[in-house]
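Q: I'll drop the sequence and a predicted model, then ask my questions.
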There are 2 protein chains.
Amino acid sequence: MVRICVSDIGQWQGQQVNLCGWIERIRRLGQVNFFMLRDRTGRVQVVVKSDTLDHGRFTNESVIAVKGLVHAEERALGGFEVHAESVQLINRAEPLPLSINNPTIQASLDTQLNHRSVSLRHTRIQPIFRIQAALVHGFQRFLDGEGFTQVFSPKLVASGTEGGTELFSLPYFEQRAYLAQSPQFYKQMLVGAGYERVYEVGPVYRAERHDTARHLNEYISLDLEMGFIRDEHDIMDLQERLLHSMLASAAQESSPALQQLQVELPEVSKIPRIPLSEAADLLKRRFHYAGQHGDLDPKGERLLSQYAAEELQSDFLFVTDYPQAKRPMYTMPKAGGTTASFDLLFRGMEITTGGQRIHDGGQLQAALEQRGFDPQGFQHYLEAFRFGMPPHGGLAIGLERLTALLCGCRNIREAALFPRDRHRLTP
Amino acid sequence: MVRICVSDIGQWQGQQVNLCGWIERIRRLGQVNFFMLRDRTGRVQVVVKSDTLDHGRFTNESVIAVKGLVHAEERALGGFEVHAESVQLINRAEPLPLSINNPTIQASLDTQLNHRSVSLRHTRIQPIFRIQAALVHGFQRFLDGEGFTQVFSPKLVASGTEGGTELFSLPYFEQRAYLAQSPQFYKQMLVGAGYERVYEVGPVYRAERHDTARHLNEYISLDLEMGFIRDEHDIMDLQERLLHSMLASAAQESSPALQQLQVELPEVSKIPRIPLSEAADLLKRRFHYAGQHGDLDPKGERLLSQYAAEELQSDFLFVTDYPQAKRPMYTMPKAGGTTASFDLLFRGMEITTGGQRIHDGGQLQAALEQRGFDPQGFQHYLEAFRFGMPPHGGLAIGLERLTALLCGCRNIREAALFPRDRHRLTP
């Protein structure tokens, strides 16, 4: 007999089924036991006569296979329960290192992360990564529909810091390699190679020593780059539709997970855009906050998001026209020392950086030299600009940040299955 | 006026359009020039009156924007041509390092790879990665439909060689990290964590010094793992349907690319399964080839594929029941010293390794110790087996190998956008 999943149980009323899963909870009431059986699709109560069981062997989180009859039972979760004819113990669980069947999580984040294969079973944790997967699907499907090609660029690179961050470094046979801080150069080369529109979902690396609630040393970047744009507003326009589609995908594919976490998805239509200089004025005027010159610090991001929510009724805000000094050398300059660039703030935090890039090879080389880079170290990148490069731009979304902010996680580590930080390299 | 793409041009007959792209070829015929314009969707001939142009400025592979009228013209490629009213030079190309508008590629593979942003424009190269993207979509979509969750596991790991390969190693703050050779342990932990069915598309690393046409030091692994299987045949059954779906996706999404490369997609329905011991007998009997004891070497793989094609009318062949010594320690043992494992051969090469895994914690620890591993180094992995682990198994497909074999590439490097090998770390 084929195994059925808990979510399908209503179709089997009055019939015999096979279920498999974990025992989330055991209640013993004299002659009858109630097992709460959990599989990947949900939970159902299993009624087990005591005389069929050797009690001590069944423990919380043990894996079992149940054969039984499906009964309608309005008092049971989901409206059905299963009357077991047999229960087979497949894999017995030892006492757990943390409790996972309380409504709230009582272990510290460190304990949760140390015992990830247990903590991930909790109803407040498991859904996070179903929502994350749905967001990624939304990203991929939307861009597939827009004529983008999914690509895979190497994470082992020969050099080429884009500046602004520290790199992990390792010996690569007789050479020295670095872990890529972004697929930026490759995305651009692939636009020029004729794909025009490319995206990548993959890991990126930052060897920075920070130890904050908003940084990881390895994270998943949702990257895209597109050719033949007019300016950076084309990229922002695209991101509005992209976010709309990603959130629609989350709503459609992970609706039970969203309900479990009581997540309210934000509306995305037209996202307000404000140049950084105006944003700085606004911070001073409204919040008496001076912040960082020519950039936004975390507090500035929070206050601006507060302003957007209160005054513009938007969970999102584009901050545009960053000064050249605060942007990578490949950023397209604009008049007045600013650039064709933007950050996207969401609920108090930057989740996207993007903009138009320089597409003229001579201009790019000059920009490199002006920053003190040796063009020799960038020859493969620069070459792509000598043989026909369209105007182009793109963006990168930090997947864990977006997930964390949507799901209401206070620490970005909660939105990574196995986070890597300053001190954590396991599990 | 909005830019239109070449593939849509038939809808604009008699109307004025804006096109953007690269000049693939220039023919000058006195008063008239013909530009072959290429964009991401195709090619169209643009007729340009000479007096509107400063000839010398337009070069092959320069990026242009054309405004013009669409005319039906049966002698032209695709049945249409565009009579230009204006041609704007957006980005001028220098003389190319290799020719890309001959029907065949005349540069060496090294030259192609050194100038990847140029060589990728060739009609024999560009399609490879469109087909690759379609295969990945097929993988993702099929598994989404089967209740799998897409996951992202870290590529920086603390230890845990699975054995059998060398690892890249690097300093990670005060610790030592390794680049993951596979997401194997994480996939299994996530099955146990209640997701039951997970897949990952991501890079994996092998620090091996080989320098062959079938190995890369960084490649993309299409990984999946599923719980509550009966045995390894459940995984092989799944792979049959998965491959069918991936090839259907390639046929549907990358049909022009398949035509350009004249790729004939193989049929996948039921794939023959042959135990390794029988395969060894067959190699001796039919091909007088002794090969490697208890394993298949490249020549053995080729001969067995030849047998499958000739006798079983199949481009695919599962070789099953490998001996324990040739499989990782987590492989489920079977009677007679064999294992619940398989390789999938496709057109002469192994493209998948898979099987059932040990799910009993005690058995797994014994298997570790028997191989001489210190269980201390595997404590996080082993922990996942102490708190309820279902029977499970999975597989990994090498994306570049599958792509190369489908597309008829002779070297796996042709199926990686920016391959990493013993000597190559750029571009």
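A: The structure has been received and is ready for your questions.
Q: Now do the longest helix seen in chain A: everything it contacts.
A: Longest helix in chain A by number of residues, with DSSP state H as the criterion: helix A:232-253. Applying CB atoms under 8 Å, 6 or more residues apart in numbering or on different chains, the set of residues contacting helix A:232-253 from outside is A:130-131, A:133-135, A:137-139, A:141-143, A:146, A:224, A:226, A:229, A:258, A:265-266, A:268-271, A:273, A:316, A:318, A:320, A:332, A:340-342, A:344, A:352, A:354-356, A:393-395, A:406, B:144. From N, CA and C alone the C-beta is placed, and that goes for glycine too.
Q: Now, those residues that are in strands?
A: A:224, A:226, A:273, A:316, A:318, A:320, A:341-342, A:344, A:352, A:354-356, A:393-395 (DSSP state E).
Q: The residues you listed also near chain B: which ones?
A: Contacts with chain B are made by none of the ones in strands among the contacts of helix A:232-253, judged by CB under 8 Å from any CB of the partner chain.
Q: is it true that A:Ser99 touches A:Gln112?
A: No. Contact criterion CB atoms under 8 Å: A:Ser99 and A:Gln112 do not qualify, at 11.2 Å.
Q: leaving aside the residues next to it on the chain, what's closest to A:Gly355?
A: Once flanking residues are discounted, A:Gly355 sits nearest to A:Ser341: 3.3 Å by CB to CB, 6 or more residues apart in numbering or on different chains.
Q: Is it correct that that neighbour is in contact with A:Arg327?
A: Yes. Using CB under 8 Å, A:Ser341 is in contact with A:Arg327, at 5.2 Å.
Q: Compare the two and say which is more crowded by neighbours.
A: A:Ser341 (28 against 20; other CB atoms under 10 Å in any protein chain shown).
Q: who's the nearest residue to A:Leu344 once chain neighbours are set aside bridged to?
A: In this structure, A:Leu344 finds its nearest non-sequential neighbour in A:Thr352, 3.8 Å apart by CB to CB, 6+ apart. Beta-bridge pairing for A:Thr352 (DSSP bridges): A:Leu344, A:Ile397.
Q: still on that earlier bit, quick one, which of A:Ser99 and A:Gln112 is more surrounded?
A: Legend: neighbour count by other CB under 10 Å for A:Ser99 and A:Gln112, higher for A:Gln112 (21 against 13).
Q: Please, which helix or strand holds that one?
A: Secondary structure from DSSP states H and E places A:Gln112 in helix A:109-114.
Q: Identify all contacting residues around that helix.
A: Contacts of helix A:109-114 (CB under 8 Å, 6+ apart): A:97-98, A:105, A:119, A:125, A:411, A:413-414, A:418-419, A:424, A:427, B:380.
Q: Can you tell me which of those residues are buried?
A: A:Pro97, A:Leu98, A:Ile105, A:Ser119, A:Ile125, A:Arg413, A:Glu414, A:Phe418, A:Pro419, A:Arg424, A:Pro427, B:His380 (16 or more other CB atoms under 10 Å in any protein chain shown).
Q: from these, which single one is nearest A:Glu162?
A: Nearest to A:Glu162 among those, counting by CB to CB, is A:Pro419 at 23.6 Å.
Q: Flag every residue of the stretch 251-400 of chain A that's near chain B.
A: So far as CB under 8 Å from any CB goes, the stretch 251-400 of chain A lies against chain B at A:253, A:359-360, A:380-381, A:383-391, A:399.
Q: All the helices of chain A, in order from the start?
A: So, for chain A - with DSSP H - the helices run A:109-114, A:116-119, A:126-145, A:184-190, A:232-253, A:255-260, A:276-287, A:298-311, A:361-370, A:379-383, A:399-407.
Q: I'd like these laid out as CSV, including mean pLDDT.
A: Shown next, in CSV, are these (pLDDT from 0 to 100):
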stretch, mean pLDDT
helix A:109-114, 98
helix A:116-119, 97
helix A:126-145, 98
helix A:184-190, 97
helix A:232-253, 98
helix A:255-260, 96
helix A:276-287, 96
helix A:298-311, 96
helix A:361-370, 96
helix A:379-383, 94
helix A:399-407, 98
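Q: right, and those - which one's nearest A:Val48?
A: Comparing the helices of chain A by CB to CB, helix A:116-119 comes nearest, at 23.9 Å.
Q: From the contact counts, what lies against the closest one?
A: Applying 3 or more CB pairs under 8 Å, 6 or more residues apart in numbering or on different chains; DSSP states H and E, one finds that helix A:116-119 contacts helix A:109-114, helix B:184-190, helix B:379-383.
Q: What residues of the last one count as buried?
A: Yep, that's helix B:379-383 we're talking about. For helix B:379-383, using 16+ other CB under 10 Å, the buried residues are B:His380, B:Tyr381, B:Leu382, B:Glu383.
Q: swap in the second one?
A: In terms of neighbour count (16+ other CB under 10 Å), helix B:184-190 has its buried residues at B:Gln184, B:Phe185, B:Tyr186, B:Lys187, B:Gln188, B:Met189, B:Leu190.
Q: coming back round to it: now, the most widely separated pair of the residues of the stretch 251-400 of chain A next to chain B?
A: A:Glu253 and A:Arg386 (43.7 Å).
Q: returning to what we had before: tell me the predicted confidence for the residue nearest to A:Leu344.
A: pLDDT, A:Thr352: 98.
Q: Quick check: beta-bridge partners of the residue nearest to A:Ile9 when sequence neighbours are not counted?
A: Nearest non-adjacent residue to A:Ile9, counting by CB to CB, 6+ apart: A:Phe80, 5.1 Å away. With DSSP bridges applied, A:Phe80 shows beta-bridge pairing to A:Ala72.
Q: how many neighbours does A:Phe80 have?
A: Neighbours of A:Phe80 (other CB under 10 Å): 18.
Q: Can I get stretch A:193-208 in PDB? Just the C-alpha atoms.
A: Presented in PDB, the C-alpha positions along stretch A:193-208 are these (Å, rounded to 0.1, in the frame of the first residue of the first chain):
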ATOM      1  CA  ALA A 193      28.600  37.900 -24.500                       C
ATOM      2  CA  GLY A 194      25.100  38.200 -26.000                       C
ATOM      3  CA  TYR A 195      22.900  36.700 -23.300                       C
ATOM      4  CA  GLU A 196      21.800  40.300 -22.600                       C
ATOM      5  CA  ARG A 197      19.800  39.200 -19.500                       C
ATOM      6  CA  VAL A 198      21.200  36.800 -16.900                       C
ATOM      7  CA  TYR A 199      20.500  35.900 -13.400                       C
ATOM      8  CA  GLU A 200      22.300  33.800 -10.800                       C
ATOM      9  CA  VAL A 201      21.300  32.300  -7.500                       C
ATOM     10  CA  GLY A 202      24.400  31.400  -5.600                       C
ATOM     11  CA  PRO A 203      26.700  31.900  -2.600                       C
ATOM     12  CA  VAL A 204      28.900  34.900  -2.100                       C
ATOM     13  CA  TYR A 205      31.600  35.500   0.500                       C
ATOM     14  CA  ARG A 206      32.700  38.300   2.700                       C
ATOM     15  CA  ALA A 207      35.700  37.800   5.000                       C
ATOM     16  CA  GLU A 208      34.700  40.700   7.200                       C
END
